[in-house]
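In: sharing a sequence plus its predicted fold:
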Amino acid sequence: MTNWMVRLDDEDGDDEKGRAPDMPMTAGPVQNALFKSRTVLIFGEIDMRLAERVTAQLTALSTESDKPIRVIINSPGGHVESGDTIHDMIRFCGVEVKAIGTGWVASAGAQIFLGAKKENRVCLPNTRFLLHQPAGGMRGQASDIQIEAEQIIKMRDRVNRVIARETGQTVERIVKDTQRNYWLSAEEAVEYGLVSRIINNTTEV
């Protein structure tokens, strides 16, 4: 039996990678305040549970009002398809979504960040960004490993095309840059096309 998961980070998830505790689903004062301010938090490792929570929040907020939603991202990356889900839901929900980067926005976190339109992608001054190609862990029969390796290559090409489309860089440049960990400061991310502008306070969003 094949055991396969493709990730957009370098290592298995652990506390050192910045895994955040799961946010309780029960409504409390903080959750109510976030809902009223139309703010969604994406902190820690990207996985299916987080993707489900963020999808639910985006859906609820878009149903409640057509006012813009703010998504604040601080993530080391994680499961590719979970990041894809959030990326696509940002576009699917039907209202304007403003992505705000803080801390580090890495790997699958960067894929989520790119779900917002370029003019709606901003970051705080000390944010760092990381782009790189998917990494997979595969076990099983040789034929299964070959199939999954082919899927990783297709996934890598798709992710590279998304980054190129959203930044204005060429696919060739993205392929070259993501061969290794490609770190960018906030200023470098603006120059690269990841971020539209750097902000210092909430009035600038």
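Out: The structure has been received and is ready for your questions.
In: am I right that Phe43 is in contact with Pro76?
Out: No - with contact defined as CB atoms under 8 Å, Phe43 and Pro76 do not form a contacting pair (10.0 Å). Just so you know, the C-beta spots here come from the backbone N, C-alpha and C atoms, and that holds for glycine as well.
In: between the two, which is the more surrounded one?
Out: Under the neighbour definition other CB atoms under 10 Å, Phe43 and Pro76 were set side by side, and Pro76 has more, 25 against 17.
In: hang on, that one packs against Ser107?
Out: Yes - with contacts defined as CB under 8 Å, Pro76 counts as touching Ser107 at a distance of 6.9 Å.
In: buried residues, the biggest helix by length in the chain. List them.
Out: The longest helix of the chain (DSSP state H) is helix 142-167. Within helix 142-167, the residues that qualify as buried are 148, 152, 155-156, 159-160, 162-164, 166-167, counting by 16 or more other CB atoms under 10 Å.
In: out of these, flag the one nearest to Lys118.
Out: Distance from Lys118 was checked for each of the buried residues of helix 142-167 by CB to CB. The minimum falls on Glu166, at 6.6 Å.
In: check contacts around the closest residue to that closest one other than its chain neighbours.
Out: Spatially, and ignoring its direct neighbours in sequence, Glu166 is nearest to Leu114 (4.4 Å; CB to CB, 6 or more residues apart in numbering). For Leu114, the residues meeting the contact criterion (CB atoms under 8 Å, 6 or more residues apart in numbering) are 87, 121, 162-163, 166-167, 194.
In: can you pull the pLDDT of Leu114?
Out: Among the per-residue scores, Leu114 holds a pLDDT of 98.
In: ok, now Glu150?
Out: 86.
In: quick one: contacts for the residue lying closest to Gly115 once chain neighbours are set aside?
Out: Spatially, and ignoring its direct neighbours in sequence, Gly115 is nearest to Ile90 (3.5 Å; CB to CB, 6+ apart). When the contact criterion is CB under 8 Å, 6+ apart, the partners of Ile90 are 58, 71, 97, 99, 112, 115-116.
In: which one of those residues has the most neighbours?
Out: Busiest of the contacts of Ile90 [other CB under 10 Å] is Ile112, holding 31 neighbours.
In: residues contacting that one?
Out: For Ile112, the contacting residues are 42, 46, 71, 73, 75, 83, 86-87, 90, 99, taking CB under 8 Å, 6+ apart as the criterion.
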